[in-house]
Structures are given as C-alpha cells and as structure tokens.
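Q: Build me a structure from this.
(one chain, ligands or ions: 1)
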Amino acid sequence: MPQVRSRCQRRGPVGESVLASGVARVGGVLYCEGVALERIADEVGTPTYVYSAAVIRDRYARLDAALSAVPHRIHYTLKANSNRAVLRVLRHMNAGVDVVSGGELYRALKAGFVGADVLFGGVGKTEVELRQALEAGVLLINVESEAELRLLDRIAGELGVVAPMGIRVNPEVSVDSAHRYIKTGEKGAKFGVPLDEVLAVARVAATLPNIDLLALDMHIGSQLFRVDGYVDGTDRLIDLVDQLRREGIDTLMYLDIGGGLGVSYDAEESPSLELFAESIVPRVQRTGLTLLMEPGRFIVGNAGILLTRVLYRKRTGGRDFLIGDAGMTELLRPSHYDAYHRIEAVHAAHAQMTADVVGPVCESGDFLALDRTMDEANAGDLLAVHDVGAYGYVMASNYNTRPRGAEVLVDGDQFAVVTARERYEDLVHLERDDPDWRDG
Ligand SMILES: Cc1ncc(COP(=O)(O)O)c(C=O)c1O
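A: Here you go, the predicted model:
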C-alpha cells in the first residue's frame, strides 16, 4: 500500500525525508504501514503493542549511514524493547546488541545473535551473569567498579579464558534529559567508575592476568537532543585514552559512547544525526579506535503504538474520564517519568474533548494522559497511543493480576503476533498451592 508509506513520511530536521512512525490515517482510519489498526484489534484484541518493521530499519540505517566515516558498530540496547522478532529485524540489518542481564543475554542468543555481537553492561552484574557472559564469548564486558573487575578476573581465571573488558566511565557531564531518572552520567550517579578513579582502575586491569582492557565506555543519559553532552563526554574518554597510551597501556580497541539519542514524542525535533556525526566522528577517528554505540529509544521509540479500547466514559468532579483497557500496567512511562504520548482515535473523530485517559488499575497514578485535549471518544472506541516502541512493553507488569497484552509486528502489508497475550494460567504457574515446607 504505497500511499500509506508516503503519508508516513515527513521532513526530518536536516532536510531528509524520514519515516516518522509508520502510522498514518488513510480514508479516516489509522494504518500501521499497510495494515489497518482496527483489523489488528479485531483479530488480536486489546491492549496490544504494534511495531513497524520499516521504521526500525529506517532508524538503524540512518544512524549507520551517519557514522559511516569511522569504523563502528551499532549495538542496539535490549532494555528498550527486547521482543525477539524486533531483535531479528535488527540482526538482519547487521546490528549488534547491548544487554544488561543474563535474561537479556539469553534473549539475544535466542534471537540468533552470537557472543561476538554482544556488549554486556550493567551496574550490578552477578557472579552467575559474568560467568554466562564469558561462556557466551561476548565482545565486551563493561565493568563499573574495581571490585567487579577483580571478580571478573577471578571468574575468567576459573574458566581458563581472558575476559574482554571495558571500563564504564562516569564522565561527569550535564545533559538535557527530559527527566532526572534518565540522567546517568552526572557526578554522583550510581553508574560507572568516577572520572578521577578511572586511570587507577585501568592500571589494575592492565596487571590482572585474565583481563584484556579493550574499551572505555560511557552512557550519559537518555532522550538527549543536544550534542554537547556527547562531545564533553567523548573528549573526557579520549583524554583518558591519551593518558593511558602515554603510560604504555595500549590495548584499547573500542570507544563506546552509549545510547541516549532523543526522539520526538510531541513537537520536539529529533536530534540532527549530521550534527551529531560531525561532532563525534572526527574525534573518534583521531584515536584510531572503533566507535561503538548502544542506542535503544532512537531505533524503536517512534516505531510502536499501543492499541487500547475505551471501556467507559465518565464525568466526575467536572472532568471527563476515558477509562480504557490499558493503563500503567501496560505503559508505565506517563506515571513513572511524566512522559507525554500523543493519543489519537483510530477512527477519525469529528470533535475534540478534554479528558484524563486512565486505566483500570486501582491507583490514582494509573493514567496515560491527564487533562488532554484530544479526539472525542466514547465507550467502545479504539485509541492509538503513539511512540511507545521504547520502554513500553518491557516495563509492563502484572499488577492487579493483569495479564500482559500482545505484541504485533507489521511489515509492509502483513502482520504477525510476536508475543501472545498472557493468560491467567501464565500468571500463577510458578506459584504453589501446597507449599513444600522446609525446617527453618
Ligand atoms: C548503559 C546504557 N546503554 C544504552 C542505553 C540506551 O539508552 P537509549 O534508549 O536512550 O538510547 C541505556 C538506557 O538507559 C543504558 O543504560
């Protein structure tokens, strides 16, 4: 359905035509690529996450092209959206992955990635997870403290391997993230090795028998629009590289500048990839190192919508409420991060209303939008909550014993259920009616 694709396109911040979200209105109804969202709701039910494969490919390809002047690899970060079908789309684009748990490593391997595709990060890796990472032969393990480094050395020795390792540096730069919970590279953050301790940790790494110090890494925050945080952080990493080389520590191969590129949720302009690349690429070229990035939101954020059906419309205290079948259990971002997500009626509405769009969960913090001027909707209507491809389904919960919804991938004129809706049995199958009591 070519007209849908062309209507999904808009002018990007640097003038190029970009696929915005894969969702467009055709003949009064919303489509994702060539598939009517109503058809998905009818066949799969609601609430359901719907992802556009075309948008995921487009985002990956644009970032890859922007970095083309320097040896690089994009390691998509699973925490944003770890659906295995989404991972497979990215594997076919030749992406690597970035994981932060044994569970994410397991998923990545299940989706067909091999150890050499994997960066393993995270502030609190367990001994078991470090062992799993080494056994999988990952490309890099980014450690966040000297204690973790020494543990990694011991485990690698026990396994008879040399651990490929990077230091996650806290570069102590300020960034323009939309919410304080997604700033990760400022002084005092729990993440990374403090800037003034990095050289000491690197010197220890250089002396340990089972460690190969291959990278310096940072991740300064998420939903970033300005390049200055990246520039300051990259300069600090390069300064450290230079100092280590002067001391004769010359094993480094990679500079990993993390993820964080912002996406448009409302009227924000996505960051200019050209400006980003112009600022970062020459700096990395000068070091002769391979550039690694760990983007999540930029790749998948605009590629997903959440389909939800209005159960009731109710007026109370002078306010209109649309009570839908999705709330904080499906999409936590509005209540957790004060995040804005555009909401549209799937069938074109002829009037506007101002409403709180809330879910069925027994919490006053259970909402998708507050005091929102939006398409008029009534019980039975379908709504599309936009730009939920990142940090959406992965943060869903079973609170109130609510089964998690389905996930659907659209590719051109086809769609497939890529995660089935949970059933009540799925929610209790690990519990025991008859506990196996042990003596204390
Ligand atoms: C270490 C690390 N890398 C990459 C990311 C991905 O960030 P984003 O989705 O903003 O690109 C995160 C997100 O928190 C992270 O903690």
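
Q: part of a helix, is residue 164?
A: No: using DSSP: H, G, I helix; E, B strand; the rest coil, the assignment for residue 164 is strand, not a helix.

Q: doesn't residue 212 make contact with it?
A: Yes: if you go by CB atoms under 8 Å, residue 164 and residue 212 touch, sitting 5.3 Å apart. For every residue, glycine as well, the C-beta is placed using N, CA and C.

Q: if you count what's nearby, which of those two comes out ahead?
A: The neighbour comparison of residue 164 against residue 212 (other CB atoms under 10 Å) goes to residue 164, with 24 against 18.

Q: All the helices of the stretch 251-400 of the chain, in order from the start?
A: Assigned by DSSP state H, counting those that start in this stretch, the helices in the stretch 251-400 of the chain fall at 273-287, 297-300, 333-337.

Q: elements contacting the last one?
A: In terms of contacts (3 or more CB pairs under 8 Å, 6 or more residues apart in numbering; DSSP states H and E), helix 333-337 is packed against strand 367-375.

Q: And residue 116, how close does it get to the ligand?
A: 19 Å (CB to the nearest ligand atom, to the nearest Å).

Q: Next, give phi and psi for that residue.
A: In terms of degrees, to the nearest 10, the main-chain angles of residue 116 are phi -70, psi -10.

Q: for this structure, what's the longest strand?
A: Longest strand in the chain, counting residues (DSSP state E): strand 304-316.

Q: Quick one: check that one for contact with the ligand.
A: No: Strand 304-316 lies out of reach of the ligand by CB under 6 Å from any ligand atom, never closer than 13.2 Å.

Q: ditto for stretch 60-76
A: No: with CB under 6 Å from any ligand atom as the criterion, the ligand is not reached by stretch 60-76; the gap is at least 8.5 Å.

Q: Let's see that stretch as CSV, backbone CA atoms only.
A: These are the backbone C-alpha positions of stretch 60-76, laid out as CSV (Å, rounded to 0.1, in the frame of the first residue of the first chain):
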residue,chain,number,x,y,z
TYR,A,60,19.0,1.9,12.1
ALA,A,61,20.0,2.6,8.6
ARG,A,62,20.1,6.4,9.1
LEU,A,63,22.3,6.1,12.2
ASP,A,64,24.6,3.6,10.5
ALA,A,65,25.0,5.9,7.5
ALA,A,66,25.7,8.9,9.7
LEU,A,67,28.6,7.0,11.3
SER,A,68,30.0,5.5,8.1
ALA,A,69,33.2,7.6,8.0
VAL,A,70,34.6,5.8,11.1
PRO,A,71,34.8,2.0,11.8
HIS,A,72,31.8,1.5,14.1
ARG,A,73,29.2,-0.9,15.2
ILE,A,74,25.7,-0.1,16.5
HIS,A,75,24.8,-2.4,19.5
TYR,A,76,21.0,-2.0,19.9
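
Q: List the contacts of residue 30.
A: Residue 30 makes contact with 23-24, 36-38, 344, 346, 384, according to CB atoms under 8 Å, 6 or more residues apart in numbering.

Q: ditto for residue 183
A: Remark: with contacts taken as CB under 8 Å, 6+ apart, residue 183 is in contact with 175, 177, 189, 220-221.

Q: partners of it in the sheet?
A: Residue 183 forms beta bridges with residue 221, as assigned by DSSP bridges.

Q: Next, format the contacts of residue 30 as JSON lines and append neighbour count.
A: What follows is the contacts of residue 30, written out as JSON lines (neighbours: other CB atoms under 10 Å):
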{"residue": "23", "neighbour count": "26"}
{"residue": "24", "neighbour count": "18"}
{"residue": "36", "neighbour count": "18"}
{"residue": "37", "neighbour count": "25"}
{"residue": "38", "neighbour count": "15"}
{"residue": "344", "neighbour count": "20"}
{"residue": "346", "neighbour count": "26"}
{"residue": "384", "neighbour count": "24"}
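
Q: could I get those residues as JSON lines with distance to the ligand and pLDDT?
A: Output for the contacts of residue 30, formatted as JSON lines (distance: CB to the nearest ligand atom, whole Å; pLDDT from 0 to 100):
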{"residue": "23", "distance to the ligand": "20", "pLDDT": "94"}
{"residue": "24", "distance to the ligand": "25", "pLDDT": "94"}
{"residue": "36", "distance to the ligand": "30", "pLDDT": "97"}
{"residue": "37", "distance to the ligand": "25", "pLDDT": "98"}
{"residue": "38", "distance to the ligand": "30", "pLDDT": "98"}
{"residue": "344", "distance to the ligand": "24", "pLDDT": "97"}
{"residue": "346", "distance to the ligand": "27", "pLDDT": "98"}
{"residue": "384", "distance to the ligand": "22", "pLDDT": "98"}
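
Q: now the residue sitting nearest the centre point of the chain: how far from residue 275?
A: Nearest to the mean C-alpha position of the chain, by CA atoms, centre = their mean, lies residue 80 at 2.0 Å. Distance, residue 80 to residue 275, using CB to CB, to the nearest Å: 23 Å.

Q: Report the distance from stretch 389-404 to the chain centre.
A: Taking the mean of its C-alpha atoms, stretch 389-404 sits 15 Å from the chain's own mean (CA atoms, centre = their mean, to the nearest Å).

Q: Tell me the one of the contacts of residue 30 nearest residue 269?
A: residue 23 (18.9 Å; CB to CB).

Q: The closest one: what's its closest spatial neighbour, skipping adjacent residues?
A: residue 32 (5.2 Å; CB to CB, 6 or more residues apart in numbering).

Q: List the residues that contact that neighbour.
A: So residue 32 contacts 22-23, 40, 50, 52, 305, 410, 415 (CB under 8 Å, 6+ apart).

Q: hmm, try it at 6 Å
A: 22-23, 50, 52, 410 (CB atoms under 6 Å, 6 or more residues apart in numbering).

Q: is it in a bridge, and if so with what?
A: Beta-bridge partners, per DSSP bridges, of residue 32: residue 23, residue 35.

Q: Going along the chain, name the strands of the stretch 301-440 of the chain.
A: 304-316, 319-324, 343-345, 352-358, 367-375, 382-385, 406-411, 414-419 (DSSP state E, counting those that start in this stretch).

Q: Go ahead and confirm residue 348 touches residue 29.
A: No: counting by CB atoms under 6 Å, residue 348 stays clear of residue 29, with 7.2 Å between them.

Q: what is in contact with those two at once?
A: The contact sets of residue 348 and residue 29 do not overlap (CB under 6 Å, 6+ apart).

Q: more crowded one of the two?
A: The residue with more neighbours, out of residue 348 and residue 29, is residue 29; 15 against 12, by other CB under 10 Å.
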